[in-house]
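Asks: Quick one, structure for this:
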Amino acid sequence: MIAVLQRVSAGSVTIEDRVTGTIETGLVILLGVAEDDADRDADWLAEKTAGLRVFQDENQKMNRSIQDVSGSALVISQFTLLADYRKGRRPSFIHAADPEKGNRLYEYFMQRLTALGIPVEKGEFGAMMTVDIRNEGPVTMVLNSEVKFPRKR
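Replies: Numbers count the residues shown, from 1 in each chain. You can find the predicted model right below:
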């Protein structure tokens with residue numbers, strides 16, 4: 001499971017001229033689910049996301065987590081994070097989870113964040129979306145659960 005976290009002062013997602021999610025201070029999280037991901041990947045990723053100190057303290061040091069700043073998360077499903085671009089010019093997505101599994105783990109990840117006290121807004125799994133991100137810093141982190149749970153491909 002791969003997540004791109006962007007520290008934001010605002011973020012929103014729009015589907016067909018309808019805003020489906022909006023946050024102020026927090027994280028916009030682009031989430032890609034791999035074919036071999038499991039609940040433990042989402043559990044680890046949610047815990048890591050909740051505790052990651054990427055928000056500034058009074059000394060302008062990244063010393064506070066999303067929980068510390070009472071921030072929110074806007075979670076967007078993005079299978080393209082699983083692109084395999086090693087061969088040719090057209091990326092392959094053969095390592096992305098099938099839609100049923102991808103959606104289940106996407107929803108489960110958001111449930112885990114909510115259980116950790118983080119308000120969650122979301123896009124719509126599988127939809128064409130416009131995501132507006134006001135990245136602060138800019139601060140962008142890429143987390144990959146494969147670091148914790150190595151797998152052979």
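
Asks: switch to C-alpha atoms for all contacts and neighbour counts from now on
Replies: Noted.

Asks: give the contact list for the residue nearest in space to the middle of the chain.
Replies: In the chain, the centroid-proximal residue (CA atoms, centre = their mean) is I29; its distance is 2.7 Å. I29 makes contacts with A3, V4, L5, Q6, A73, L74, V75, I76, as judged by CA atoms under 8 Å, 6 or more residues apart in numbering.

Asks: can you give me the helices for the chain?
Replies: Assigned by DSSP state H, the chain shows helices spanning 39-51, 99-115.

Asks: May I have the beta-bridge partners of S92?
Replies: Beta bridges link S92 to D84, judged by DSSP bridges.

Asks: Tell me, how many residues neighbour it?
Replies: 15 (other CA atoms under 10 Å).

Asks: Next: T130.
Replies: The number of residues near T130, taken as other CA under 10 Å, comes to 15.

Asks: hang on, the earlier thing: quick one, which of the helices of the chain is nearest to D17?
Replies: Closest approach to D17 among the helices of the chain is made by helix 99-115 (22.7 Å; CA to CA).

Asks: circling back to that earlier point, which one of the contacts of I29 has the most neighbours?
Replies: The most crowded member of those, judged by other CA under 10 Å, is A73 (30 neighbours).

Asks: Return the residues in contact with it.
Replies: I23, G26, L27, V28, I29, I118, P119, V120, E121.

Asks: I'd like to know how far it sits from F125.
Replies: Distance, A73 to F125, by CA to CA, to the nearest Å: 16 Å.

Asks: Tell me the gap between stretch 45-63 and the middle of its chain.
Replies: Mean-position distance between stretch 45-63 and its chain equals 15 Å (CA atoms, centre = their mean, to the nearest Å).

Asks: just to revisit the earlier point, how about the helices of the chain, which one is nearest E16?
Replies: Across the helices of the chain (criterion: CA to CA), the nearest stretch is helix 99-115, sitting at 20.2 Å.
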